[in-house]
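Q: show me how the following folds:
(chains A, B, C and D)
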Amino acid sequence: MNLEFTRAEQDFRAYVRGWLAEHVPARLPSMDTAGGFAAHRDWERRLAGARLSVVSWPHCYGGRAASLIEWLIFEEEYWAAGAPARLGQNGIFLLAPALFAHGTTAQQDRFLPRMACGDDIWAQAWSEPEAGSDLASVRARAERVDGGWRLHGQKTWSSRASYADWAFGLFRSDPAATRHHGLTYFLFPLDQVDVRPIAQLDGRHGFAELFLDGVFVPDDQVLGAPGEGWRIAMATTSSERGLTLRSPGRFMATADRLVRLARTLDPDPVLADEIARAWLDAEAYRLHTYHAVAAGADLGPAASMGKVFWSELDVRMHTLALRLLGERGLLDAAAPDAPDSGAWLHGYLFSLAGPIYAGTNEIQRTIIAERVLGLPR
Amino acid sequence: MNLEFTRAEQDFRAYVRGWLAEHVPARLPSMDTAGGFAAHRDWERRLAGARLSVVSWPHCYGGRAASLIEWLIFEEEYWAAGAPARLGQNGIFLLAPALFAHGTTAQQDRFLPRMACGDDIWAQAWSEPEAGSDLASVRARAERVDGGWRLHGQKTWSSRASYADWAFGLFRSDPAATRHHGLTYFLFPLDQVDVRPIAQLDGRHGFAELFLDGVFVPDDQVLGAPGEGWRIAMATTSSERGLTLRSPGRFMATADRLVRLARTLDPDPVLADEIARAWLDAEAYRLHTYHAVAAGADLGPAASMGKVFWSELDVRMHTLALRLLGERGLLDAAAPDAPDSGAWLHGYLFSLAGPIYAGTNEIQRTIIAERVLGLPR
Amino acid sequence: MDFAFTDDQLVLGSTVRQVLAEHCPARAVREAGRTGERLPGWPQLARIGMFGMLVAERHDGLGLRLADTILAFEEAGRAALPGPVVETAVIAPGLLPDDLQDRLVKGSLRVSVRLGDQVYAPDADLADLLIVEHDGAIHVLSSDEVRLTPQPGVDPVRRLFSVAAKASRGDSSRGDGVRSRAQAVPVLRAATVAVAAQLIGLARHLLEASVAHAKTRTQFGAPIGSFQAVKHQLADVAIAIDFAAPHVYAAAVAISDGQGETDNLRAAKAAGEADILRAVSAAKAAAGEAAALAARAALQVHGAIGYTEELDLRLWLARVWSLTSAYGDTALHRARLRAAILGDPELRRHP
Amino acid sequence: MDFAFTDDQLVLGSTVRQVLAEHCPARAVREAGRTGERLPGWPQLARIGMFGMLVAERHDGLGLRLADTILAFEEAGRAALPGPVVETAVIAPGLLPDDLQDRLVKGSLRVSVRLGDQVYAPDADLADLLIVEHDGAIHVLSSDEVRLTPQPGVDPVRRLFSVAAKASRGDSSRGDGVRSRAQAVPVLRAATVAVAAQLIGLARHLLEASVAHAKTRTQFGAPIGSFQAVKHQLADVAIAIDFAAPHVYAAAVAISDGQGETDNLRAAKAAGEADILRAVSAAKAAAGEAAALAARAALQVHGAIGYTEELDLRLWLARVWSLTSAYGDTALHRARLRAAILGDPELRRHP
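A: Now for the predicted structure:
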């Protein structure tokens, strides 16, 4: 048991750090505007040019076959450098694991390289109106037609969908089945879908509603076998809760920023104590992750523990920043006095979604109790 | 709306304060020892001699017909003076309200005066093994015989029972009924009951188990009508959760002691902050109580809010005292170095029972949600 | 001792509630945050005397004490009433010169303020007059004497502004408007308590909205309000509100004991200065924390849908955030309480 | 980087666990708190080398680093092992003179300690030697050179004593036993981390006991573990433990990097002094808080029955309380962390 990086790991870190120091752009406009989306797509392309967009993927799809530890190092450096949020996140972190596990070689060859270099940006289409955290209550349906399927229904909370190219999600292909039976996992282009942006707390439009009215999807855009959608999706959402959704690097970066902010403001000791505690919790998340990765554990339901931990830590860190900043902290980017261009406020509003999405924390706690601790349903 | 005491209230406070200053004894031995029980009974008799044992009762039963505000004043002064815990509490606060509401005049004349002057000390016999907070799952039974009933079964967590004279509790008088039906409220002397003390966390024996093997109880020791026991008991336990169980005075006294302790120890600001907060919470409980009393509200399910609040505050205050004291705080009365003769440690262990007894706080929160907020069962 | 509201006090609260239910519904608040009417309900509130409540009777005001009016501010919070209500109804009566008081009573004068711990003047673009602190004195300036810089933030309704005096104005265009800083102290305390009352009202609304949502929204085949996790979260909010509100009412009483026509007489009996300071900070801190808890729970219970601008929830959340940091944020008041409670050698609650 | 336990480390932990399951069951712990055998399991632990783990190989010890043995201390905590285990197995190897080390390895020497932030010597009546700080120097005294005053408290098993040197003894009866305070510093840090590991073990046991109880105990017709309130309480305990344990393991590693035979070489690479200090305090504070949470939840889940002496739960709760305040309580370590994190101008986690 040690915490010393190997020579190779240190070299990789040095390379990433050096490249980022040279290339990280000044703050990009929000990716939830047309211009910001384009700027972020451009950044994805630059990352891909340095083979840094998908470091853990095999070389043939644009990666470096990096180990999990190296991926964690990449993430630490990425967020510490203040690099832009990842536009390609849905595809790279949520869809790709399912594609690697269940896709055909043809599908992998077709979708992965374009995902890696930002040519295809993916939106997720998990939620439906009224369903919330209850992912199995899918009402959108897929109708069998010659050579493929026609998709009907409505999806909501589809992140990035306002400007994305493709989406992935579950549709009920067996009308007689209920709950998690008879669902199929589809990949479909968004150009034939009616996409309506949802205005959020922070005034941005990161999510959208999708209306599908008989969109045709050929058979080669079904992931896995028809009817197997739930099993495949579960593997995906488990990674959504786990490592791939939120690597420690971004919380470490936030914690470091918070501590630096606190030092400039000489906070009262009660605030200082909570800030020190938050910094240590980010450290705990990092150590926990190193431990889990080294032990080679398949996280499974234990991923729920991480999800509760990071999502509440993230809210806490941003709350502390706003408490440090007082009235000024509540100003947004348009205000002349806004500290850090309103980044803390924006981050706070964003963090509030953490305990809600990818399964509310109430649901996560129930999963932990039942599947990790073995308490009765 | 005001917080000014009337002339009469001020005079009453002055009288109580003066009497207590003169008469409060040095620390008595624990009431859960034979000697301590006798000493506490003696104290009850002295209180009664000054007509201060049951100030809110009518004059004819030994009280002063004090208003609720005056009773709150009495409690404030009583605990601020460091006066002994009340041996007669079960009878005075839990049984007496039921006796006043549902007892016959003969029962009131027989039991209340002896209760007021400490001649009869009452134990409660609510809980049964395996039942816990589920008071309606009564298995002890009452068998109809000539002129009365015979009681069979087991009760547990009976406070004061090791040395008390009488007990009150529910027995199933209708063997065909289940849950809260067919229960009857009995008053029975403990001299025919097999009483076995339960050793507690703090090493004392405040609770006991009662084994009843056909104890005869005449009809005039049934409170209310046979089969009406649940309704009468619910009125009683609602007062258990509410005002009569824990008047603000005792938490104010604890909070004041905590603040005085903190001043001598110059705590770090984080502890100081939590102590200030606890003091204000005791203040909130006092103001809340004055408000409720003045508004004349029948507390009902809202009493559950107070129970959650005071029981968690009490744990918090004692935890803070132990944190202030460090290793010394964990010493008990027998240790030469024990601060305040181990009173904070003893109080801590006692406080831990608060969120459990009289209905766990989990149950209280459910009551609040369903009966105060109207959420569905 | 009678720590319950009088009938008059209750009637004032329920009247304000009715007026706002009719003339300042959620829709009106939403519009105020966009391009619609910025001051919904104000004419009607003026008609029932809301802005003359604390103006002395000799100026034709109602001459009430803060405690008499505290429920009116709670109701303003519950409705998330737009506009500088505390500044106009609480601060202005205490600091404006006599000849302007009658306009306050009529509701024809709106006032914004930048005093004490404030950095920005709220709703300053809606104000006819600004009361600002400068070089240790309090100045009253008309809107054409100042330059306002918008500082937009999380609350689209309660807008903040930097205030600078225009170079052209004289040192004090209203000489009689200059007051000392000391005169502003009791007025700012009253404003702080009134804002605390608004936070209680906001919290009550958020709890009611969460309960209503939890009753109707179903997940996994049952209303989410039937799940223990949701029940207990909302029970904790109810407890927090129930034990924060008395701090606010007690602070209003403590301030009121030093208020009114018979100042000298009352002051003799009044709670000491230290007690008032403690009560004011306790009110603001407790109300702020209860409202923050209500806001977090509301968002969690509403789930993703609470995160949209389409739901009015958003406006109440923003108001909680903006009022929590107004007139001294929770950290400031907690620090004052720490000093007051651990430093006060004569800590007694009753005489 | 490989932050997982090696097979050897895991085997040591599971061996200790098995030995204690057999020779120090709950019954034995309970008896140790009364009149029974005070050191259950000690002969068997000595046989597997528990007390020579950290003794250098040149003294026939195993020469392990703290990180290699941390799971052994976690298991000692899980079993609530009675006796001065950390003092004998961690502190003594670092501070006793060379000629006593072989007796440590054999398990024939028990040691108690009153150093650093400690006020009392734990289990001193079971010790052959006492290591005490006096006038800035560290002294090793035999049990007949000291007068012990019992200071009974909440933990009936881990008994505390005041220590006074008997008037009769020379200034230093074991001249070679005198060490400087500076030499004790790294040893006390290691002891602090070992105690933190015990707290993790205690917390794990309390969680397991609570889960087991919640599965079998029924109320209102269902096992209480099926209620969401109980589920979520225990899930929070699981989370707290899961994210406290890595702090303890990392602190053990940080200390170990400066330990061992090749001191000078390793020290050059080792984490800086500030990093070690921070890691030690983080370990103790996080483990103490996780254990405190586990204790509260255990008591709440067990309900009134948890409050009896008849249930073994009581012994684990007491041990949590006594170890939480040993070797610097949570408040002390939190204050150190605050200073370290907000004061350190070079806060980086990785080189």
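Q: on the three-state scheme, A:Ala136 is what?
A: coil (DSSP: H, G, I helix; E, B strand; the rest coil).
Q: swap in the one 3 residues further on?
A: With three-state DSSP as the basis, A:Arg139 sits in coil.
Q: can you check C:Val16 too?
A: Of the three states, C:Val16 takes helix according to three-state DSSP.
Q: count of neighbours near it?
A: 26 (other CB atoms under 10 Å in any protein chain shown). Where you see a C-beta, it was placed from the backbone N, CA and C, and this is true even at glycine.
Q: ditto for C:Thr15
A: By other CB under 10 Å, 17 other residues sit near C:Thr15.
Q: so what's the predicted local confidence for it?
A: For C:Thr15, the pLDDT comes out at 98.
Q: now C:Gln259
A: For C:Gln259, the predicted pLDDT is 55.
Q: repeat that for C:Gln9.
A: We have a pLDDT of 97 for C:Gln9.
Q: so where's chain A uncertain?
A: A:132-133, A:201-203, A:205, A:236-245, A:297-300 (pLDDT under 70).
Q: which residues of it fall in helices?
A: A:7-23, A:34-49, A:68-80, A:89, A:96-102, A:105-116, A:229-241, A:248-265, A:269-295, A:303-325, A:343-351, A:361-367 (DSSP state H).
Q: and the contacts of stretch C:28-37?
A: C:38-41, C:79-82, C:155-157, C:312, C:315 (CB atoms under 8 Å, 6 or more residues apart in numbering or on different chains).
Q: same thing but 10 Å
A: Contact with stretch C:28-37 is made by C:20, C:24-25, C:27, C:38-41, C:79-83, C:126, C:155-159, C:309-312, C:314-316, C:318-319, as judged by CB atoms under 10 Å, 6 or more residues apart in numbering or on different chains.
Q: show me which residues of chain A sit near chain B.
A: Proximity of chain A to chain B, by CB under 10 Å from any CB of the partner chain, involves residues A:Asp268, A:Pro269, A:Val270, A:Leu271, A:Ala272, A:Asp273, A:Glu274, A:Arg277.
Q: swap in 7 Å and give it another go.
A: Within chain A, the positions near chain B by CB under 7 Å from any CB of the partner chain are A:Pro269, A:Val270, A:Asp273.
Q: what of the stretch 201-350 of chain C?
A: C:211, C:214-215, C:223, C:225-226, C:228, C:231-232, C:234-235, C:238-239, C:242-243, C:246-247, C:249-250, C:253, C:282, C:286, C:334, C:337-338, C:341-342, C:347, C:349-350.
Q: cutoff 6 Å now
A: Contact residues (CB under 6 Å from any CB of the partner chain) of the stretch 201-350 of chain C with chain B: C:211, C:223, C:225-226, C:231-232, C:234-235, C:238-239, C:242-243, C:246-247, C:250, C:253, C:282, C:337-338, C:341-342.
Q: ditto for the stretch 51-200 of chain C
A: Selection of the stretch 51-200 of chain C residues close to chain B by CB under 6 Å from any CB yields C:Ala67.
Q: related to what we said a few turns ago, looking at the residues of the stretch 201-350 of chain C next to chain B, which are in helices?
A: Going by DSSP H, the helices hold C:211, C:231-232, C:234-235, C:238-239, C:242-243, C:246-247, C:250, C:253, C:282, C:337-338, C:341-342 from these.
Q: if I look at A:Thr289, how far off is chain C?
A: Distance of A:Thr289 to chain C, given as CB to the nearest CB, to the nearest Å: 26 Å.
Q: not counting residues beside it along the chain, what's closest to A:Pro376?
A: Of all residues not flanking A:Pro376 in the chain, D:Ser226 sits nearest, at 4.6 Å (CB to CB, 6 or more residues apart in numbering or on different chains).
Q: run a quick neighbour tally on that neighbour.
A: D:Ser226: 17 neighbours (other CB under 10 Å).
Q: do you know the pLDDT at it?
A: In this model, D:Ser226 carries a pLDDT of 93.
Q: I'd say it and A:Leu375 touch.
A: No: using CB atoms under 6 Å, D:Ser226 is not in contact with A:Leu375; the gap is 7.0 Å.
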